[in-house]
Every structure is written in C-alpha cells, then in structure tokens.
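In: Below: sequence and its predicted model.
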Amino acid sequence: MNVFIKYFLVIFCSVVVTYLLTPLVRKMGWKLGVLAEPGGRRVHNKPTPVTGGIAVFAGMHLTCFFVFCCQTWGKLDGHMDFHWWLLLLSLSSVLLLLGLLDDKLELSPSVKLIGQVAVAAAAYFSGIHIGTFFGITLYPIFDLILTVLWFLCFINAFNLIDGMDGLASGLGAIAATGMAVIFIYRGFPANTLVMLALAGSCLAFLRYNFSPASIFLGDSGSMFIGFVLAFVALLTNSKSTTLAAIGIPMLAIGVPVLDTLLAIWRRSIRARLNVKGDAGKVTKGDQDHLHHRLARRGFTQRKIVTGLYALNLMFVLVGISLTVFKSYALGILLIAFVAGTYVVVRHLAYVEFRDSRELLATGLSRPVSRVMAVLLYIPLDIIFMMALSLLAIFITHSQVQLPWNKIKHLWMQYLPLYMGVPFLVLCVGRTYRTVWSRARITEYVRLSTELFAGILVAFGLYSFGGRGDLRLHFFTMFIYAVLLIPSLVLLRSLWRIGHDMVYWLNPGVDKDGIQSKRVVLIGADKQCVLYLRSHSYGKRFDGGSVQVVAILDDDSNLHKRYVHGIKVYGGLQILRNLIHEEEIDEIILTVDLDLKSEEDLLAIAKEENVSVVRSRMVLEKVSPPICG
C-alpha cells in the first residue's frame, strides 16, 4: 500500500505542477513570439504558442526531484536513481533548448539532426547504451551506432506525429503509462515513478492541448517526451538480451513509430521518383502523415486523435501481454503481427503502396542498364554461390561428424569448383545480358539449365581428379544444386514479385484517400491479360485510378477461377447483380462480343448508369509504303 501511495502522489504532483505552469508558459510564448503560424502542413487556423514542452519538462523533473532527493521516499529498487536522473535532466535540458531554438528560428533539418545525434552520443558515453543484441556483445562502434539510432527513432517518432491537437501528448501519456505497468510487473518501482511523472505531466498538459488547443508542445516538448521514453527504456533493458527488451518499448510508442516508418518509406520513394518540391526530399515534411490522411477522409480532429489513441493502446496492451504471458509471447506476437499488417495494408499505407507501385512501374518501363547488371547480379551471384556451397558442405559432412575447421578447409579447397565453374558458365551464356525485369519463362529455364550444367561440369572435374569419397561429393553437389538454382531464379524474379505484390496489396485508393474507380472486365482471353499487365505497370491512358474487381466470361471452365489474380465470376447473365454487389463504376470490354450480347450489355449499363469502354491493341500505319 505504501508503494501505491507513492505512485499516486507522483501522478498528483506532476499533474498539479504542469497544470499550473502551462498558462504561464503560454503567456511567455505570446510575449516571446514563439508561435506556430497557420498554413502549410499545420491544421490549426490561428497563431498558437509552442512553448508547452517547458511545462511538461518542468512538471516531470520537479516531481523526479522530490522522488530522488527527499529522504521520505526511502530507497527505491530499480535502475533509476539520483545519478541517472541527473544525467537525464542534463541531456533533456539540452534537447529542450534545441527544440525551443527550432520553434523560434526554424532550424534546418540537418542542424536539428546534428543536435539530436550529439545528445544521443552523450548518453552513450555516459553509460546508456544497448550493450548486447540477441545475446551478442556489440563492438563499441556498433554499440554507439545502434544506441544513437535508438534515441533518434524515439525522438523523431514523437516529433513527426506532433501535427494535431493533443496527439503527441496523449500518445506520450499512453506510452509512459504502459511502460510504467511493465516496470511494476518487473519490480522496478524507481523506473515506474519516472514514467508516471511523465504520464501525469502529459495528461495535465492535454487539458490545454486537446482540440481546440490553446498551446502546443512544439519540437521542444515532442522531442523531450521521446527522449525520456528512450532513455528509461534503454537504461532498464541494457542488461537484457531478449527481443522483448527492444520490442516492448517500441510497441509502447507503436503509432509514432508506425508513422515514422511510413514517412521514411514514402519520402524515400518520392525522392527516387524525383518529385519536385518538398515532397521529393526525405528530410522535408509532407501532408501524408496518418492524421493528415484521416483528416482528408472527413474525420474530425477529435475522432482522429481518439482513434489513434485506441490504436496505440492496442500496441501497449500487446507489449504488456508479452511481459506477463511470457510462455505465450510468440503466439501473441504472431497474432498482433498479422492483425497489424492487415490494418496497415488495408487502411493506413495506401499512399505508400501507390507510390511504390508507381516507382516499380517507372523502373520496369525501361531496361536496366548493363552497368546495373554488373554491379548488382554478379556480386550477388558470387555471394550466393559462396554461402550456399558452404551450407551444402556443412549439411553433408556434418553427418559424418567432421569438425567445423575441417569443413571450412574443404570449402576453401573446393570453392574454385563450386563457384568458379558455374559462374564461368553463366558468363559464357547470356545471363548478364538479360533484362530480368522483362524476362520470359524460357529465360528462367535457360538460367536453371546453365546452373545445372555448371554444377555437373564441376562434379565431372572433381571425378576426373579421383580424390575423396565420390558418393559423398555427389550428394554434396546435389544439395548445392537444390539450394543454388531456386535461389538465383528467385533473385532475378524479385522485381516481378515485388511489382505483383505491391499491385496485389494496393487497396484501390488514390493519393487523396478517395476510392478508385471500380471496374469489371468482360472476357478472360489474352487481351484481358494484356490489359491487366499494362494496368498494373502504370496509370491508365486517361490518368485515372482504377481497381479491377472482377472478370466475366462465358466459358464455364473459367468460372470461380482466377486470371492474373482476379476472380472470374461467370457470364453476362450475372452482370446486373455484380454491378450492385461490387459497386461497379465502369465496364471494360477486352473481347469482341457478338451483336446481340453487346446490345444486351449496353442496355444493362445504361439502366445501371455505368460507363462502357473498350480495350484494344491496334496497329496504325505511320508512313506510306515505299514504292519501287
């Protein structure tokens, strides 16, 4: 009971301090002119102070001062103590000052990033570091890099998500509360008190920050919240080697991390597409964050914020479940992964999938240059041959209990045969002249044949030498062929697989979140496949965005089967019902119908107010014939 009284007092203290300080820092923001002007990516419609981070900072650290400096609290178990809190106070003060300068002067992204890296590096050299990863002790340079990336992830996750009233502060309160519950379960009361102090400060600030907000966190507040969460999580888990030690804090800030990952994905693709303006720069902000795209769908600020609260709460509950039910952790994680993937694919990442499809379409619209084939396929082929030959030797020779040193010696001895001969056969053939983004099935068969021939020649050369156990070596070469041929075929298929996957995952919405035109194709013949391929590789000729949802064909052998991933429902007799059930907007003819069938189709389309277009490949003469 004494411990729970401490928890309550910490929350009460942080809430009161932040609640009383927020109006004062709001007035200070007006006097100093530290304001967020409306317009651009901002959704508010009047100038608003952005000094709220000072109130959250003061509320949390004043509470921590009483926790770690007042003797009445007694000794607290856990990793946090006066020394670590003093370090947290010092580093977060630097970060707060950096954020205030950015709010006032609008520092460039590179300057702000340098400041964040400096603070993270200072934390590392002060003893806050990852240390081990999956049980492996990290070399200092890798430990430093991963530690800095850890802090940058948390800091910028909250910095990027802070684009709507009450969003960052509410998510910070949920994340801090979730981590506090985890620390309670793990028996770290000192760490719990720090998290509760942060949660209380965020909740009190939410009174002024929830829509309609009279003050914002600013970069100073959002970066501060992310830094505190990263600091305490890393301090607590620095001795742990499990995946949960890294994964659970990331789940606690699930929505900000998700938004950050989507932003990196989206901006990187747009940079590759050479999009003009800020949208084509990875470091520049855009209006495609989660809250922006939900706002474009017509949701109010309050509904968007509460919805994202609920989503982040689900992430937090998954993290708590992983901590409490350790024996079922893998099952919980798999279920959460499947559910999270479905939500992201179907409802949140449609912008990224659209841009990815456009990038793939752009890349497939022209052959890959010879230089790319040399720079990409040749080193990858060599790496695959070396790795898979070692694996094949290990699989076969470990059965005869050959020591690892001997296995490595055999691999080095026979590497010229395993790698050199098949690679030479590929060079003699046309493998590195093929544009694999446009390859046919016969070219993949030729690649497999060349690899098999190279392995067979290598075995013949070994047999001619007459050294060692021929039967064991034959079994090794067989395993090598089974591993290598599918691997290199798959490597060259990645462009096509990635393109088809992006097209399959595309939820059928345009860049503004509006549902694309839903169409049905009439005819499942070659012209249908040609249309589906051309549609998946790029936009329509009229610039529109469509989603093919069904195919109709009179051939009963095709009914309820799939052509190019699209289901064939039946003949024209079900067209009227299909238009209503699938909400069809357009009918595309990919086959020549007889006169009566076409008249019936046009009559149905007229009654249902659905447009009809024809897809056809034609040859046009562009010059007169040369006479004589």
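Out: Good, I have the coordinates.
In: care to break this protein down by domain?
Out: As assigned by automatic domain parsing, the chain contains the domains 2-348, 370-505, 517-614.
In: Please enumerate the helices of the stretch 1-150 of the chain.
Out: 2-32, 52-69, 82-105, 109-125, 140-161 (DSSP state H, counting those that start in this stretch).
In: Make a markdown table out of these and add mean pLDDT and mean neighbour count.
Out: For every residue, glycine as well, the C-beta is placed using N, CA and C. Formatted as a markdown table, those follow (pLDDT from 0 to 100; neighbours: other C-beta atoms under 10 Å):
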| stretch | mean pLDDT | mean neighbour count |
| --- | --- | --- |
| helix 2-32 | 90 | 17 |
| helix 52-69 | 92 | 24 |
| helix 82-105 | 92 | 18 |
| helix 109-125 | 93 | 17 |
| helix 140-161 | 90 | 20 |
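In: okay, those helices in CSV with distance to Ala458 next?
Out: Formatted as CSV, those follow (distance: least, C-beta to C-beta, whole Å):
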stretch, distance to Ala458
helix 2-32, 69
helix 52-69, 65
helix 82-105, 59
helix 109-125, 49
helix 140-161, 37
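In: Give me the phi and psi angles of Ile522.
Out: phi -100, psi 110 (degrees, to the nearest 10).
In: just to revisit the earlier point, can you tell me which of the domains of the chain is most buried?
Out: The highest average neighbour count among these, using mean count of other C-beta atoms under 10 Å, belongs to domain 2-348 at a mean of 19.
In: Check which helices and strands the host helix or strand of Ile604 is in contact with.
Out: Per DSSP states H and E: Ile604 is located in helix 595-608. Helix 595-608 sits against helix 575-581, strand 586-589, strand 611-614, with contacts defined as 3 or more C-beta pairs under 8 Å, 6 or more residues apart in numbering; DSSP states H and E.
In: can you do 7 Å?
Out: Packed against helix 595-608 by the contact rule (3 or more C-beta pairs under 7 Å, 6 or more residues apart in numbering; DSSP states H and E) you find helix 575-581, strand 611-614.
In: Redo these as JSON lines? Include mean pLDDT and distance to Leu530.
Out: What follows is the helices and strands packed on helix 595-608, written out as JSON lines (pLDDT from 0 to 100; distance: least, C-beta to C-beta, whole Å):
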{"stretch": "helix 575-581", "mean pLDDT": "89", "distance to Leu530": "22"}
{"stretch": "strand 611-614", "mean pLDDT": "90", "distance to Leu530": "13"}
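In: Dump the ones you listed to JSON lines, plus distance to Asp594.
Out: Formatted as JSON lines, those follow (distance: least, C-beta to C-beta, whole Å):
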{"stretch": "helix 575-581", "distance to Asp594": "15"}
{"stretch": "strand 611-614", "distance to Asp594": "15"}
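In: of the ones you listed, which approaches Ala252 most closely?
Out: Closest approach to Ala252 among the helices and strands packed on helix 595-608 is made by helix 575-581 (42.4 Å; C-beta to C-beta).
In: how far does that closest one sit from the chain's center?
Out: Here the centre of helix 575-581 is set off from its chain's centre by 37 Å, with C-alpha atoms, centre = their mean, to the nearest Å.
In: which other helices and strands contact that helix?
Out: Helix 575-581 packs on helix 595-608, going by 3+ C-beta pairs under 7 Å, 6+ apart.
In: Try it again at 8 Å.
Out: So helix 575-581, by 3+ C-beta pairs under 8 Å, 6+ apart, packs with strand 517-522, strand 546-552, helix 595-608.
In: Residues touching the last one, excluding its own?
Out: This means helix 595-608. 522, 572, 575-576, 579-580, 584, 587, 589, 593, 610-612 (C-beta atoms under 8 Å, 6 or more residues apart in numbering).
In: Can you tell me which of the helices of the stretch 1-150 of the chain is nearest to Tyr562?
Out: Tyr562 lies closest, by C-beta to C-beta, to one member of the helices of the stretch 1-150 of the chain: helix 140-161, at 39.5 Å.
In: packing partners for the closest one?
Out: Going by 3+ C-beta pairs under 8 Å, 6+ apart, helix 140-161 lies up against helix 109-125, helix 167-186, helix 218-237, helix 254-272.
In: Cool, thanks, talk later.
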